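Participant: Just need the structure, nothing else, for what follows:
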Amino acid sequence: MTNEGGAGYMNGLFIYKDKKYIDQVVGTSTLSLLAKKDDFEIMLYEIKADRPNSITPGDFPDLMEFYYIIEGALEIKDGGNFVKLNKGDYFFVSNIKETVPVRTIEDTKMLYISSRPVYNLLYTYTGELRSLLDKSEQKDTYTHNHSNRVQILSVKIVEKLGLSNEINYNIALASLFHDIGKFFIPDEILNKPGKLSDEEFNYIKMHSKYSYELLKGKFTDDIAQIVEQHHERLDGSGYPKGLKGDEIRIEARIIGVADSYDAMTSDRAYRSAMTPMEAMEELKSLAGITYDKDVVFALEQVLKDEGNL
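Facilitator: Take a look at the predicted model:
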């Protein structure tokens, strides 16, 4: 028997031929719900290449999550080292105590099986935000691509500094959504080709607060706070609160450096891009003044390792 959705069923047999999934969340990654029964869920998880991700401890000690790589390759952090997994490899987690960082090397598809329902939780927490990211791409392509680049760069800085898995997880989320509040900035200000007036710049500065309000309650308070602080500077010259030094979270200091570097090296309507060397020299001249010195030099090492300096 086949229903309108293309699913055949008879005596407990369910066949999905034309309909490829029951439900789907599409954003920077794609999660498709393929089957579910009671608490058990089977999903297809698709992630683009060079994307940082994390598996976090759950609320249920009996939760098991299984991942089988159908296509692509990724690296998963085991202790202090990353282990590469390829097509046909798999891993699972159960009752983990800390966040496990994962990074895709190629476009990757995984079969994802959970012993407890997680799809609706992921959809509820991220659906609205992913929708706003998609709308932001249509509104301002730079903002969307910039957020992706800042996320990748920020995670690499965390790894270079040898910081904790928890910070890695915070960075991966906060950096992706750090500019989501720009969706509420008028287009004529966001894409203005000339110099902004003081009033227009004050509008732009509101995006940190808008981002904070959007993320508060959807993720932990830590994530929302990091996003709110990513334009704060060590000497108190940043916004929105004029925080100084250690008042600024390390995650926000990292995103601030990655954000500034990517902005400097990108063409905008009002100026041409700097070279990586020019941008790095600018950041180094401000290291210890407005930017965290250790973060700036970690970025420099990342760029050298990749042959960009």
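Participant: quick one, helices of the chain?
Facilitator: According to DSSP state H, the chain carries its helices in the segments 119-139, 141-161, 165-176, 187-190, 198-205, 207-215, 221-229, 250-264, 276-285, 293-305.
Participant: and of these, who's closest to Asn53?
Facilitator: Evaluated over those, closeness to Asn53 peaks at helix 165-176, with 6.6 Å, by C-beta to C-beta. Where you see a C-beta, it was placed from the backbone N, CA and C, and this is true even at glycine.
Participant: contacting residues around that closest one?
Facilitator: With contact meaning C-beta atoms under 8 Å, 6 or more residues apart in numbering, helix 165-176 is reached by 28, 52-54, 56, 77, 98-101, 133, 147-148, 150-151, 154-155, 158-159, 219, 222-223, 226-227, 230, 250-252, 254-255, 258.
Participant: how close does Lys304 get to Pro276?
Facilitator: Per C-beta to C-beta, to the nearest Å, Lys304 is found 10 Å from Pro276.
Participant: Of the two, which one has the most company?
Facilitator: Per other C-beta atoms under 10 Å, whichever of Lys304 and Pro276 has more neighbours is Pro276, with 16 against 11.
Participant: show me the contacts for that one.
Facilitator: When contacts are counted by C-beta under 8 Å, 6+ apart, Pro276 touches Thr265, Leu303, Asn308, Leu309.
Participant: isn't the second one right up against Leu309?
Facilitator: Yes: Leu303 sits in contact with Leu309 when judged by C-beta atoms under 8 Å, with a separation of 4.5 Å.
Participant: Which neighbours do these two have in common?
Facilitator: By the contact definition C-beta under 8 Å, 6+ apart, Leu303 and Leu309 are jointly contacted by Pro276, Met280.
Participant: What's the separation between the residue nearest to the spatial centre of the chain and Tyr16?
Facilitator: In the chain, the centroid-proximal residue (C-alpha atoms, centre = their mean) is Leu176; its distance is 3.4 Å. As judged by C-beta to C-beta, Leu176 and Tyr16 stand 31 Å apart.
Participant: does Val100 have beta-bridge partners, and which?
Facilitator: As for beta bridges, Val100 partners with Ile55 under DSSP bridges.
Participant: Could you list the domains of the chain?
Facilitator: Domain ranges of the chain: 7-117, 124-305, per automatic domain parsing.
Participant: winner for burial among the ones you listed?
Facilitator: Across the domains of the chain, averaging neighbours per residue (mean count of other C-beta atoms under 10 Å) puts domain 124-305 on top, at a mean of 18.
Participant: how far out from the middle of the chain is it?
Facilitator: 12 Å (C-alpha atoms, centre = their mean, to the nearest Å).
Participant: model confidence over that domain, on average?
Facilitator: Predicted confidence along domain 124-305 averages 89 (mean pLDDT).
Participant: Provide a list of residues in contact with Leu215.
Facilitator: Taking C-beta under 8 Å, 6+ apart as the test, what Leu215 contacts is Leu129, Phe177, Ile180, Ile223, Ala224, Val227.
Participant: Output those as CSV; include the columns distance to Ser272.
Facilitator: Supplementary listing: the contacts of Leu215 in CSV, determined by distance: C-beta to C-beta, whole Å:
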residue, distance to Ser272
Leu129, 32
Phe177, 28
Ile180, 27
Ile223, 34
Ala224, 34
Val227, 29
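Participant: Going by distance to Val83, which of the residues you listed wins?
Facilitator: Ile223 (26.8 Å).
Participant: what about Asp18, distance to Asp187?
Facilitator: In terms of C-beta to C-beta, Asp18 sits 40 Å off from Asp187.
Participant: so Asp23 makes contact with Leu122?
Facilitator: No: using C-beta under 8 Å, Asp23 makes no contact with Leu122, being 10.8 Å away.
Participant: Keeping just the C-alphas, turn stretch 206-222 into CSV.
Facilitator: Extracted in CSV, the C-alpha atoms of stretch 206-222 (Å, rounded to 0.1, in the frame of the first residue of the first chain):
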residue,chain,number,x,y,z
MET,A,206,22.8,47.6,17.5
HIS,A,207,23.3,44.3,15.7
SER,A,208,25.3,42.9,18.7
LYS,A,209,22.3,43.5,21.0
TYR,A,210,19.8,42.2,18.4
SER,A,211,21.9,39.0,18.1
TYR,A,212,22.0,38.6,21.9
GLU,A,213,18.2,38.9,22.1
LEU,A,214,17.7,36.4,19.3
LEU,A,215,20.0,33.8,20.8
LYS,A,216,19.0,34.2,24.5
GLY,A,217,16.8,31.3,25.5
LYS,A,218,17.6,29.3,22.3
PHE,A,219,21.1,28.4,23.4
THR,A,220,22.9,28.7,26.7
ASP,A,221,23.4,32.2,28.2
ASP,A,222,27.1,31.7,27.4
